[in-house]
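*Asks:* Here you go, sequence then predicted model.
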Amino acid sequence: MIPLHDACNKVLAKFLNYSVGTTPENYLRVLFETLRSFHDTSSDFYTGRIKYGKISKQHGQFWYPTLTTKAFVYDPFFTSPVLKAYYDNLPETGKGGEQRDDSAVYYMKPTSKTDPFRKLPAELLMMILMHLPARSIFQLKLASVAIVQLQLPGSFWKQKLKRDMPWLWDFPGQGTEQTRKNLDWLQIYKDIYIGSKGNGRSPFFNLVNRNRIWRISEQIAPRFVKCQEEWEIAKARKRKDYLRP
């Protein structure tokens, strides 16, 4: 048996809308077939292969969350007071200093001649970093002076926030450019990235659980799509047999 809470099901539905753009009329039936298929031990999608995150060690007949896993009992759709306070006071850039084009990318100073990345235009490096996870960017900074000296605009981090955290559907920073132009998108990215990992003194517990369920949905979605295709084929065959004289 694979338990699926209502909140988890809603996150899965949002993931399917985001990834494959599908909300079939027979959603619950396809979902049932998808979950049932995970019991097939000969399948590559066998449930034992699903990674549930840090809570895996707590799985059993009863679930006893610990201090490090208590976030996983939070409703992923509930906006906690800590997160609401953060949303109401999003960090902004400094008021003083020289203003520059928020879409421009440049090197802070001449890069090392021995760094192979220095041969690449700053705009190309920005495109590469857009597709890398945050952990890889950090590791790349340890290996490249050019990456460290690369000054990325706020618009980069705003776009990367949407790309890396598609589960952040309740983020309020989508207002008009006039009211949101001073937001510090790099700091926002850092805060939410760390807070949704369960790290720091004030983690965003609902985002921690939402992020975890989203990662599980990534593993379920391919099987769901396959079951949906099989369902559509079977339905088409039944319709064809029905219309056959």
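*Replies:* Perfect, thanks for sending it.

*Asks:* Give me the domain ranges for this protein.
*Replies:* Using automatic domain parsing, the domain parsing of the chain gives 6-80+204-243, 94-195.

*Asks:* okay, those in CSV with mean neighbour count next?
*Replies:* C-betas here are computed from N, CA, C, even on glycine. Output for the domains of the chain, formatted as CSV (neighbours: other Cβ atoms under 10 Å):
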stretch, mean neighbour count
domain 6-80+204-243, 15
domain 94-195, 14
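
*Asks:* In TSV, list the ones you listed along with mean pLDDT and distance to residue 86.
*Replies:* Putting these into TSV (pLDDT from 0 to 100; distance: least, Cβ to Cβ, whole Å) gives the following:
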stretch	mean pLDDT	distance to residue 86
domain 6-80+204-243	77	7
domain 94-195	80	7
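
*Asks:* mind listing the strands for this structure?
*Replies:* 106-107, 150-151 (DSSP state E).

*Asks:* what packs against the last one?
*Replies:* Yep, that's strand 150-151 we're talking about. Where contact means 3 or more Cβ pairs under 8 Å, 6 or more residues apart in numbering; DSSP states H and E, strand 150-151 is packed against strand 106-107, helix 122-130.

*Asks:* Out of those, flag the one nearest residue 20.
*Replies:* Of all the helices and strands packed on strand 150-151, helix 122-130 sits nearest to residue 20, with 21.9 Å by Cβ to Cβ.

*Asks:* thinking again about what came up before, which one of the helices and strands packed on strand 150-151 lies closest to residue 39?
*Replies:* Closest among the helices and strands packed on strand 150-151, using Cβ to Cβ: helix 122-130, at 39.3 Å.

*Asks:* Which residues does the closest one contact?
*Replies:* Helix 122-130 is contacted from outside by 105-107, 117, 120, 137, 140, 146-147, 150, 152, 156, 159-160, 163, using Cβ atoms under 8 Å, 6 or more residues apart in numbering.

*Asks:* Give me the distance between the residue nearest to residue 78 when sequence neighbours are not counted and residue 51.
*Replies:* Leaving aside its chain neighbours, residue 78 sits nearest to residue 206 (5.2 Å; criterion: Cβ to Cβ, 6 or more residues apart in numbering). To residue 51, residue 206 is 21 Å away according to Cβ to Cβ, to the nearest Å.
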